[in-house]
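**Student:** next input, structure requested:
(chains A and B)
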Amino acid sequence: AQSVTQPDIHITVSEGASLELRCNYSYGATPYLFWYVQSPGQGLQLLLKYFSGDTLVQGIKGFEAEFKRSQSSFNLRKPSVHWSDAAEYFCAVGGYMEYGNKLVFGAGTILRVKS
Amino acid sequence: NAGVTQTPKFQVLKTGQSMTLQCAQDMNHEYMSWYRQDPGMGLRLIHYSVGAGITDQGEVPNGYNVSRSTTEDFPLRLLSAAPSQTSVYFCASRPGLAGYNEQFFGPGTRLTVL
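**Tutor:** Below is the predicted model:
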């Protein structure tokens, strides 16, 4: 079955430090991969997505992610974190799925930024 | 474009009460869905619709009903609320069935069942 694992429930980084959020997926074919961000009390906003081609994708707010097929990973990175990046981040995999090609979400990683 | 809108933002119910969570989108999207979000569990699909007049069950449909009489609206009904339904509910839409399409999410409804 398809699944997404985000190993870190919470991560705390200092403002200005670099960030990497981990995501591993299980899917039998070429996946469509997404990162969403949820600010407190808000809905989910798409940060970036991977369909095919260049394995390093750029997103909004200075985020990027790299697809590594051999590791079944799609880690999210940012070179310098800002206090406004504090939020919960969800990795998701899509493709030819049950339930009308549903998205499968990870459990999320909560990012705290300390000044 | 308002995108995906949900009402209410907050709701408190007593066990056994019923209510409807409203969801609307103005992007003419075919696919709409309802998720519940619980701590440590990500988002789980409750029901979905691939077009007006077509609905189907998702992963966790028990205790919920949906209908899709128009492309724009996709209400979620709780038939007899239970404390286990305390959660944050998100409505989402996307342009088509293909799995590469971005999903757009509403702001959520935080529901507490006492």
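**Student:** what is the neighbour count of residue 107?
**Tutor:** Because you didn't say which chain, this covers chain A. Using other CB atoms under 10 Å in any protein chain shown, A:A107 is surrounded by 19 other residues. To be clear about C-beta, it is placed using only N, CA and C from the backbone, and glycine gets the same treatment.
**Student:** to clarify, I was referring to chain B.
**Tutor:** 16.
**Student:** ok, it to A:Q45 distance?
**Tutor:** Note on B:P107: its distance to A:Q45, by CB to CB, to the nearest Å, is 11 Å.
**Student:** what parts of chain B come near chain A?
**Tutor:** B:4, B:31, B:33, B:40-43, B:45, B:48, B:50, B:56, B:58-59, B:90, B:92, B:97-100, B:102-103, B:105-108 (CB under 8 Å from any CB of the partner chain).
**Student:** can you tell me which of those are in strands?
**Tutor:** Residues of the residues of chain B next to chain A located in strands (DSSP state E): B:4, B:31, B:33, B:43, B:45, B:48, B:50, B:56, B:90, B:92, B:105.
**Student:** find the nearest non-adjacent residue to B:R77, please.
**Tutor:** Distance criterion CB to CB, 6 or more residues apart in numbering or on different chains; nearest residue to B:R77, sequence neighbours excluded, is B:N65 at 4.5 Å.
**Student:** make that B:I46, sorry
**Tutor:** B:W34 (4.4 Å).
**Student:** can you check A:G16 too?
**Tutor:** A:G16 sits nearest to A:S80 (CB to CB, 6+ apart), 5.4 Å away.
**Student:** give the contact list for that neighbour.
**Tutor:** Contacts for A:S80 (CB atoms under 8 Å, 6 or more residues apart in numbering or on different chains) come out as A:16-18, A:62.
**Student:** A:R69 now?
**Tutor:** Residues in contact with A:R69 (CB under 8 Å, 6+ apart) are A:T55.
**Student:** any idea how far the residue nearest the centre of chain B is from A:Q6?
**Tutor:** Geometric centre of chain B, nearest residue: B:W34, 2.7 Å, by CA atoms, centre = their mean. Relative to A:Q6, B:W34 is positioned 22 Å away (CB to CB).
**Student:** if we can go back for a sec, contacts only, for the residue nearest to B:I46.
**Tutor:** Contacts of B:W34 by CB under 8 Å, 6+ apart are B:21, B:23, B:45-48, B:58, B:64, B:66, B:74, B:76, B:89-92.
**Student:** what residues does chain A put near chain B?
**Tutor:** A:4, A:9, A:32, A:34, A:36, A:41-46, A:49, A:51, A:90, A:94-97, A:99-103, A:105-108.
**Student:** out of those, which sit inside helices?
**Tutor:** When the residues of chain A next to chain B are checked against helices (DSSP state H), the matches are A:99-101.
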